[in-house]
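# Fold the following, please.
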Amino acid sequence: MLHTRMSLDPATTGPAIARQPVVVVGAGPAGLASAACLKQGGIDVLVLEAGAAVGSSWRQHYDRLHLHTVKQQSHLPGMRFDKKLPRYVARADMVAYLEAYAAHFGIEPRLGEPVRRVGVGTAGDGGGLVVESARGTYPARAVVVAAGYNRVPNPERLPEQERFRGALIHSAAYRNADGYAGRRVLVVGAGNTGAEIALDLAEHGAHTTLALRSPVNVVPRDFLGMPTQVTSIRMRKLPLRLADAVGRLVSRVAFGNLARHGFARPDLGPLSAIKLRRRIPLIDVGTIAAVKRGAIAVKPAVARFTEAGAVFADGSAGEFDDAVLATGFRPALEDFLAISGLLDDEGYPRDWRAGDACPNLYFVGYANVSTGLLREIAIQARAVAAAIAGG
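Here you go, the predicted structure:
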């Protein structure tokens, strides 16, 4: 591969901007894809990763997780998944793929080096961007923030949560159903994580209740042999109203009237909910069938916890031994991004490039799309590399 390797040791003052590396924050799918595209363009790259290995967040997900998007549309630029893998790649195989991807492109992140601050440097740094990590300071030609859409668990607490005497964890700490057989488990939150954890628990003998914090669109992972992701790609140019109508029709045909099973109809259709509220539909991999056969009970939102369980929004109550809070994650970019005006009110980047507000700062992996995040990461990584090369 044709590029000049240079010293990337921390420095308080750096070479001319043209000689400085591009710093990529994060060595998950978005960071590795960005680094690979930059290296293919002959651009020096320094990748900083807080974790102990590439794909750190993927290593921490629950065991049974598989991609909800097909492997043909989910690979990173320049390297496809092994043909022997199933259509929906398992978590462990995704980790192996990320390791192989980094090795293939010669990406060697600085591991265990969390970024503390990304900001504008002083005149002594050339006035460009400066990245401060736990180990040093790096003047940068450009910075690509790719630290992950779901970097940290949401910190919110539910009403009277501290009263609950059972074992309570966030879904980030859930690995598998070992030890839960025969126990009464409340899963709070019916996004994809909560719904799949509830299914995992039910399949392994737990008495499982799923509490819906708000109405959620439900779509099948496959419909009539066609992956929902592929359908979404084909429909991406349709007007939202028409796309929503198709999505709701598919859901009704696939599942029937879900309101009868505790899943209230949301006010927005599946495509509008993604675009306007960043709400990804529940992509069903068996949870609905488990609900229908009585293996998973469905309740409305938790009104408050009690010592022995929870009271729900409809006034009903239940006793539980354990609770899993599938209350979501956030990028938490404000923790280290010391440049104002780049994030919206919910803490997400306003655009994949900062533009005039901060030239040479880019974001990869923060778009909320119906066509698949990994597919979008590949598109954005190429666009960012082209923009930096052209700059």
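# these two touch, right, residue 230 and residue 71?
No - between residue 230 and residue 71 no contact is recorded; they are 11.9 Å apart, counting by Cβ atoms under 8 Å. Backbone N, C-alpha and C define where each C-beta goes, glycine included.
# so what does the longest helix belonging to the chain touch, helix or strand wise?
Using DSSP state H to define each element, the chain has its longest helix at helix 373-390. Helix 373-390 is packed against helix 29-40, strand 142-145, strand 361-363, with contacts defined by 3 or more Cβ pairs under 8 Å, 6 or more residues apart in numbering; DSSP states H and E.
# let's see 7 Å
Helices and strands touching helix 373-390, by 3 or more Cβ pairs under 7 Å, 6 or more residues apart in numbering; DSSP states H and E, are helix 29-40.
# Can you name the next helix or strand after the helix it packs on?
Heading C-terminal from helix 29-40, the first helix or strand you meet, by DSSP states H and E, is strand 45-48.
# any idea how far that next one is from the chain center?
Distance of strand 45-48 from its chain centroid, counting by Cα atoms, centre = their mean, to the nearest Å, is 21 Å.
# Tell me which residues are up against that strand.
With contacts defined as Cβ atoms under 7 Å, 6 or more residues apart in numbering, strand 45-48 is touched by 8, 21-25, 27, 31, 35, 38-39, 107, 109-110, 113, 115, 131, 133, 138.
# Okay, helices next: where are they in the stretch 251-391 of the chain?
Here the stretch 251-391 of the chain has its helices, by DSSP state H, counting those that start in this stretch, at 270-277, 287-292, 373-390.
# quick one: the nearest residue to residue 314 once chain neighbours are set aside from residue 212, how far?
Leaving out its chain neighbours, the residue that sits closest to residue 314 by Cβ to Cβ, 6 or more residues apart in numbering is residue 300, at 5.2 Å. To residue 212, residue 300 is 6 Å away according to Cβ to Cβ, to the nearest Å.
# Please say which of those two ends up with more neighbours.
For residue 300 and residue 212, the more surrounded residue by other Cβ atoms under 10 Å is residue 212, and the numbers stand at 23 against 17.
# And the pLDDT for the closest residue in space to that one that isn't next to it in sequence?
Spatial nearest neighbour of residue 212, chain neighbours left out: residue 190 (4.6 Å); criterion: Cβ to Cβ, 6+ apart. We note a pLDDT of 89 for residue 190 in this prediction.
# burial count for residue 190?
23.
# likewise the one 4 residues further on?
Using other Cβ under 10 Å, residue 194 has 26 neighbouring residues.
# same thing with residue 254?
17.
# quick one, what contacts it?
Contacts of residue 254 by Cβ under 7 Å, 6+ apart are 220, 223.
# i'd like the first residue to be 10 from this point on
With 10 as the first residue, the last one maps to residue 263.
# if I look at it, how far off is residue 256?
Residue 263 is 11 Å from residue 256, by Cβ to Cβ.
# go on, residue 120?
Using Cβ to Cβ, residue 120 is found at 41 Å from residue 256.
# And residue 269, by the same measure?
Where residue 256 is concerned, residue 269 sits at a distance of 19 Å (Cβ to Cβ).
# okay, these two: which has more neighbours?
The residue with more neighbours, out of residue 269 and residue 256, is residue 256; 25 against 8, by other Cβ under 10 Å.
# For residue 206, what is the enclosing helix or strand?
Per DSSP H and E: residue 206 is located in helix 201-212.
# could you say what helices and strands the following helix or strand past that helix packs with?
Following helix 201-212 in sequence order, the next helix or strand is strand 216-220 (DSSP H and E). Where contact means 3+ Cβ pairs under 7 Å, 6+ apart, strand 216-220 is packed against strand 193-197, helix 201-212, strand 305-308.
# mind putting these in JSON lines, distance to residue 62 included?
Formatted as JSON lines, the helices and strands packed on strand 216-220 follow (distance: least, Cβ to Cβ, whole Å):
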{"stretch": "strand 193-197", "distance to residue 62": "29"}
{"stretch": "helix 201-212", "distance to residue 62": "22"}
{"stretch": "strand 305-308", "distance to residue 62": "34"}
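# for these, which one sits closest to residue 165?
Distance to residue 165, taken as Cβ to Cβ, is lowest for strand 193-197 among those, at 10.8 Å.
# now that closest one and strand 216-220, what's the angle there?
20 degrees (axes from the mean of the first three to the mean of the last three Cα atoms, to 10 degrees).
# could you check the angle helix 201-212 makes with strand 193-197?
Strand 193-197 runs at 170 degrees relative to helix 201-212, counting by the same axes, to 10 degrees.
# Partner strands of strand 193-197 and their direction?
Using DSSP bridges, the strands paired with strand 193-197 are strand 216-220 (parallel), strand 331-334 (parallel).
# So which bits of it are buried?
Judged by neighbour count using 16 or more other Cβ atoms under 10 Å, the buried positions of strand 193-197 are 193, 194, 195, 196, 197.
# tell me the contacts of the third one?
What that stands for is residue 195. By Cβ under 7 Å, 6+ apart, residue 195 lies in contact with 218, 220, 319, 329, 332.
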